[in-house]
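Student: Fold the following.
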Amino acid sequence: MKTSIYKKPLCLKAASLVLLLLFIVSPSAFAVTFPIPSLQLNMETAKSPEEVVVVLEIIALLTILALAPAILILMTPFTRLVIVFHFLRQAMGIQTSPPNQVIMGLALFMTFFIIKPVALDVYEQSLNPYLERQIPFDKAFEKAQAPIRKYLLINTRESDIALFVKGADMKKPETREDVSLLVLIPAYVISELKTAFIIGFVLYIPFLVIDMVVASVLLAMGMMMLPPVMISLPFKLMLFVLVDGWHLLCGSLLKSFGV
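Tutor: Below you'll find the model as predicted:
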């Protein structure tokens, strides 16, 4: 009985293996064809200069898409918003609430809200006429720079612009509109960093006062082993909720940008 019990599964496995091999080897196994798409990249001689221009435009578009994260971070209000929200979380003493996903999402949508007029100007003056073949690519690129340069100039300090103009060893621009984007972008970034750190310092002051008061009270009561953060955190949360902190902070951030 033992032999029959163990031989039956082995026989079934062997039979299944033989049938599978017959199916693979048999020509009828390839009778069913599946529509598998193929992608081919060819290098051919261009028949006209317009074909070369289209290829260069595609390469430029792919380059812009590859640099999209850096453009979003460095040329929009995203940098200031994220740093301020991070300082707020540190000042309140809550390291993981709100989580990073919430902070990044809020900063991202506030960035879209603030930058919307600039994006509409770029679309109406540059992108839409180019898509409708009213202006060439170089003209569209030139027109797209005007709203972006205007936004960057409004939110950039002149001292920061002068720093990079001097560092680039270039001729001093006659007007602010003559400043190159290669100079304007890093100047805008350090201006945003300075502004964000100033706002973060102001945010720290009321919460620091609460920490000092709680620490002094605990020390006077002789509770030196009790961490002051455990007592001050509820008071900081209560203060932030009572003054409607998120409304005040987001409203102040929206007003701090010039568009």
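Student: now the helices for the stretch 101-250 of the chain?
Tutor: 128-131, 137-154, 158-167, 181-220, 228-242, 245-255 (DSSP state H, counting those that start in this stretch).
Student: Which one of those helices lies nearest to Ala60?
Tutor: In terms of C-beta to C-beta, the element of the helices of the stretch 101-250 of the chain nearest to Ala60 is helix 137-154, at 7.7 Å. All C-beta atoms are positioned from the backbone trio N, CA, C, and that covers glycine.
Student: Please name whichever of the helices of the stretch 101-250 of the chain is nearest to Leu88.
Tutor: Closest approach to Leu88 among the helices of the stretch 101-250 of the chain is made by helix 181-220 (5.5 Å; C-beta to C-beta).
Student: quick revisit: which of the helices of the stretch 101-250 of the chain sits closest to Pro99?
Tutor: Per C-beta to C-beta, nearest to Pro99 of those: helix 245-255, 15.1 Å.
Student: any weak-confidence spans in the protein?
Tutor: Applying pLDDT under 70 to the chain flags residues 1-57, 259.
Student: give me that answer again for 90
Tutor: Along the chain, the parts satisfying pLDDT under 90 run over 1-79, 86-188, 199-200, 202-259.
Student: Run a quick neighbour tally on the closest residue to Val214 other than its chain neighbours.
Tutor: Distance criterion C-beta to C-beta, 6 or more residues apart in numbering; nearest residue to Val214, sequence neighbours excluded, is Ser232 at 4.1 Å. Ser232 has 23 neighbouring residues, counting by other C-beta atoms under 10 Å.
Student: quick one, what contacts Ser232?
Tutor: Applying C-beta atoms under 8 Å, 6 or more residues apart in numbering to Ser232 gives the contacts Gly93, Ile210, Asp211, Val214, Ala215.
Student: could those residues go into a markdown table alongside distance to Gly245?
Tutor: Putting the contacts of Ser232 into a markdown table (distance: C-beta to C-beta, whole Å) gives the following:
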| residue | distance to Gly245 |
| --- | --- |
| Gly93 | 14 |
| Ile210 | 13 |
| Asp211 | 17 |
| Val214 | 19 |
| Ala215 | 22 |
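Student: Dump these to a markdown table, plus neighbour count.
Tutor: Formatted as a markdown table, the contacts of Ser232 follow (neighbours: other C-beta atoms under 10 Å):
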| residue | neighbour count |
| --- | --- |
| Gly93 | 16 |
| Ile210 | 20 |
| Asp211 | 20 |
| Val214 | 21 |
| Ala215 | 17 |
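Student: which among the residues you listed gets closest to Pro77?
Tutor: For those, the nearest to Pro77 is Gly93 (26.2 Å; C-beta to C-beta).
Student: Let me know whether that closest one touches Pro234 as I believe.
Tutor: No - Gly93 is beyond contact range of Pro234, at 10.6 Å (criterion: C-beta atoms under 8 Å).
Student: From Phe257, how far out is the nearest residue to Ala144 once chain neighbours are set aside?
Tutor: Leaving aside its chain neighbours, Ala144 sits nearest to Ser126 (3.8 Å; criterion: C-beta to C-beta, 6+ apart). Distance from Ser126 to Phe257, counting by C-beta to C-beta, to the nearest Å: 22 Å.
Student: Before I go, just wanted to say thanks for your time.
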